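Participant: structure for this input, please:
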Amino acid sequence: MSGTATFGNAPAGAGRGRGWFVGVGSVLLLLGIAGLFMVVTLTIASTLWYGVLLLVAGIVEIVEALAKPGESEAWRSRAVRFLAGLLYLVGGLYAVFQPLAASLALTLVLGLILIASGVARAIWAVAHDAQTSRAAVILFAVLSVLLGAAIIAQWPYSGLWAIGLFVSCDLIAAGLSWCWVGLFGRPPVPANRFTPRGGVAAR
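Facilitator: The predicted structure follows:
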């Protein structure tokens, strides 16, 4: 008997699983494409959502800082956490009640981060020898710097569309990846489905 094993057909549930992947991917694609035509609205909505997350994080930080007994944590550490929670609350309230102004500030920070990360990656690629992917790292670093510079050069107008554009592109990329997995991904085959050549299916 040969030791080579041939796998049986994909399980019946694999088709339903693929359908879920394609369905979720299609919804994400539609949302991303729709977001490209309403980047300002998506920017404001994203800023509001970010503000809500900051509010929740601030409340949790303050509650944990006040609820922990003094013996389990030093008072300085609790004070720092309490102040961090207050900062989260202030930032969250500002983002919720002034989403447009908050989006301008977030866009400026985003542009600076893109430039800083691009410069850091370029320096890392140059400083490390024998890196086969050095050219690709430098290329992406240059693109990151150029994108950040373009955002800052068009600021404050870029604050109206940059965040919404990034969210839309992220939704499109996620939708494409889900559709790819659903259409071309290989479904897992249970262990009891393989059939040794010349034998019967294992039970």
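
Participant: where does this structure have low pLDDT?
Facilitator: 1-17, 68-73, 129-132, 185-203 (pLDDT under 70).

Participant: name all residues that make contact with the residue sitting nearest the centre point of it.
Facilitator: The centre of the chain sits closest to Asp170, judged by CA atoms, centre = their mean, with a distance of 7.5 Å. In this structure, Asp170 makes contact with Gly32, judged by CB atoms under 8 Å, 6 or more residues apart in numbering. (Each C-beta comes from the backbone N, C-alpha and C, glycine too.)

Participant: element containing it, please.
Facilitator: Element membership for Asp170, per DSSP states H and E: helix 162-184.

Participant: try Ala120
Facilitator: Ala120 belongs to helix 99-127 when assigned by DSSP H and E.

Participant: Phe82 now?
Facilitator: helix 75-97.

Participant: quick check, distance from that helix to the centre of its chain.
Facilitator: Mean-position distance between helix 75-97 and its chain equals 24 Å (CA atoms, centre = their mean, to the nearest Å).

Participant: angle of it against helix 99-127?
Facilitator: If you take axes from the mean of the first three to the mean of the last three CA atoms, to 10 degrees, helix 75-97 sits at 120 degrees to helix 99-127.

Participant: who touches helix 75-97?
Facilitator: So helix 75-97 is contacted by 47-48, 50-62, 64-66, 68, 70, 101-102 (CB under 8 Å, 6+ apart).

Participant: stretch 114-122 now?
Facilitator: Against stretch 114-122 from outside (CB under 8 Å, 6+ apart): 137-138, 140-149, 151-152.

Participant: let's have those residues in TSV, adding neighbour count, secondary structure and distance to Gly92.
Facilitator: Shown next, in TSV, are the contacts of stretch 114-122 (neighbours: other CB atoms under 10 Å; DSSP: H, G, I helix; E, B strand; the rest coil; distance: CB to CB, whole Å):
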residue	neighbour count	secondary structure	distance to Gly92
Val137	16	helix	36
Ile138	17	helix	38
Phe140	16	helix	32
Ala141	20	helix	33
Val142	14	helix	35
Leu143	12	helix	32
Ser144	20	helix	28
Val145	18	helix	31
Leu146	13	helix	32
Leu147	17	helix	27
Gly148	20	helix	25
Ala149	14	helix	30
Ile151	23	helix	23
Ile152	16	helix	25
